[in-house]
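Student: Need coordinates for the following:
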Amino acid sequence: MPQDDAWDAETSQKVARNPGRPKPGFYGAVPDEEGEQPPAEPEEYDEFEEIEVVPVRPRLSIAIAGFAALLAIALVLGSVTSGPDARLSYAIVLFGVQLLGLLAWTMALQPPAAATTAAVAALAALAADYLAVTSEAPALMPILYVGAAATVVALVGQLFKADDRHRISDSYRSTSMIVFGSVAYAILIVLTRQPIGTQAILVCCTGAGLALLVSRLTDAIFPKPRIAAQVPRGATGIVLGAMVGTLASAMLGSYLVLPFTPAKGAVLGLVAAVAAILVDLAVNFSEAGRRLAGDAPTFWLARHMQGPLGGFALMSVAAYALVHLYLS
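Tutor: Numbering: from 1, shown residues only. As a prediction, the model looks like this:
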């Protein structure tokens, strides 16, 4: 008997060939809107910004190396020629070095009330030199008291202007560095008044001076591998400078009288060389950070002098500590 069924065999084949819209269920519960395009896949990698490689300037490296060598020679000759009644000339030489360092650090760190801070630091350096020359017994504490008092006075001088007051919470470190960096050179006068202080100055200044000289000269010839793309220094010069400074100090230790020995001379030279090189390298990194931040660069003369000046300031503190904690 024939049946009028709409779902005959021909219709079933058409439905199978053209299923049409998906049935509601787990996968087809929400139909796609007409004209909707699938979301574009995000890019796997973003474009990297090109890192600027700062070129090494050989003539500049040679000039900084020469300045470091001259500074080391001046500090050594002044300490060797000073005596019980002839320390004033050494104090005058050191005060000139302190003024150079004060100028460089003030222009580089840019503390609030820069003129006031520089004036207070200059007076503190002069007072520290005077106490180191005229005190009855050579001691470190009067110099530390002068540095601490000058830091407090400089910070108070930064409170008068509103713009300076807003920056004082971030600038007390830079102010302390400027003041104590200037005062630190007076420690060399104190060392000349102690039995083995002059020999320690000779060994430490030789190690630090040769380390800075060799590292900068090596950068002028072979500045590789680079410490960083933005820092025009090479690791070869850093390592070679520390090695040469240590070797020269060990040789000096073999010629000096007791308690110096080649081993003790090497220790003093290594500490002095590492201290000087690290400060010099830190100055390069700070300048690179200022450049990347878009800040105005430091005055060129101050920018290139602050590395050796800061290195010898830290070396002075290291020499005093080694004399009293290692050689005594």
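Student: Which residue ranges of the stretch 201-328 of the chain form helices?
Tutor: In the stretch 201-328 of the chain, the helices defined using DSSP state H, counting those that start in this stretch lie at 235-255, 262-292, 300-322.
Student: What average pLDDT does the second one get?
Tutor: The average pLDDT within helix 262-292 is 90.
Student: which parts of it are buried?
Tutor: Residues of helix 262-292 classed as buried by neighbour count (16 or more other Cβ atoms under 10 Å): 262, 264-277, 279-281, 283-284, 286-288, 290. All C-beta atoms are positioned from the backbone trio N, CA, C, and that covers glycine.
Student: What ranges does this protein have for its strands?
Tutor: Taking DSSP state E, the strands of the chain run over residues 226-228, 231-234.
Student: and the residue most central in space within the chain, how far is that from R290?
Tutor: With distances taken as Cα atoms, centre = their mean, the residue of the chain nearest its centroid is A282 (1.5 Å). Per Cβ to Cβ, to the nearest Å, A282 is found 13 Å from R290.
Student: And P232, by the same measure?
Tutor: P232 is 14 Å from R290, by Cβ to Cβ.
Student: what does A91 give?
Tutor: In this view, A91 and R290 are 34 Å apart by Cβ to Cβ.
Student: Next: K161.
Tutor: Distance, K161 to R290, by Cβ to Cβ: 23 Å.
Student: contacting residues for Q194?
Tutor: For Q194, the contact set (Cβ atoms under 8 Å, 6 or more residues apart in numbering) comprises 138, 323.
Student: rerun that using 10 Å as the cut-off
Tutor: Q194 is in contact with 138, 200, 320, 323-324, 328, counting by Cβ atoms under 10 Å, 6 or more residues apart in numbering.
Student: Report the buried members of those.
Tutor: Among those, the ones that count as buried by 16+ other Cβ under 10 Å are 138, 200, 320, 323.
Student: Which one of those is nearest to G307?
Tutor: Y320 (21.4 Å; Cβ to Cβ).
Student: Not counting residues beside it along the chain, what's closest to the closest one?
Tutor: Among residues not flanking Y320 along the chain, I187 sits closest, at 5.0 Å (Cβ to Cβ, 6 or more residues apart in numbering).
Student: ok, the one you found touching I143?
Tutor: Yes - contact criterion Cβ atoms under 10 Å: I187 and I143 qualify, at 6.4 Å.
Student: quick revisit: next, work out how far apart the residue nearest to Y320 and L71 are.
Tutor: From I187 over to L71 (counting by Cβ to Cβ), the distance is 16 Å.
Student: These two: who's more crowded?
Tutor: I187 (25 against 21; other Cβ atoms under 10 Å).
Student: Show me where the stretch 51-200 of the chain has its helices.
Tutor: Under the criterion DSSP H, counting those that start in this stretch, helices of the stretch 51-200 of the chain are mapped to 58-81, 88-109, 114-134, 141-157, 162-183, 186-192, 197-221.
Student: Can you lay out those as JSON lines showing mean pLDDT and distance to G253?
Tutor: Output for the helices of the stretch 51-200 of the chain, formatted as JSON lines (pLDDT from 0 to 100; distance: least, Cβ to Cβ, whole Å):
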{"stretch": "helix 58-81", "mean pLDDT": "93", "distance to G253": "15"}
{"stretch": "helix 88-109", "mean pLDDT": "90", "distance to G253": "23"}
{"stretch": "helix 114-134", "mean pLDDT": "93", "distance to G253": "26"}
{"stretch": "helix 141-157", "mean pLDDT": "93", "distance to G253": "27"}
{"stretch": "helix 162-183", "mean pLDDT": "81", "distance to G253": "28"}
{"stretch": "helix 186-192", "mean pLDDT": "94", "distance to G253": "17"}
{"stretch": "helix 197-221", "mean pLDDT": "95", "distance to G253": "6"}
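Student: That'll do, ta.
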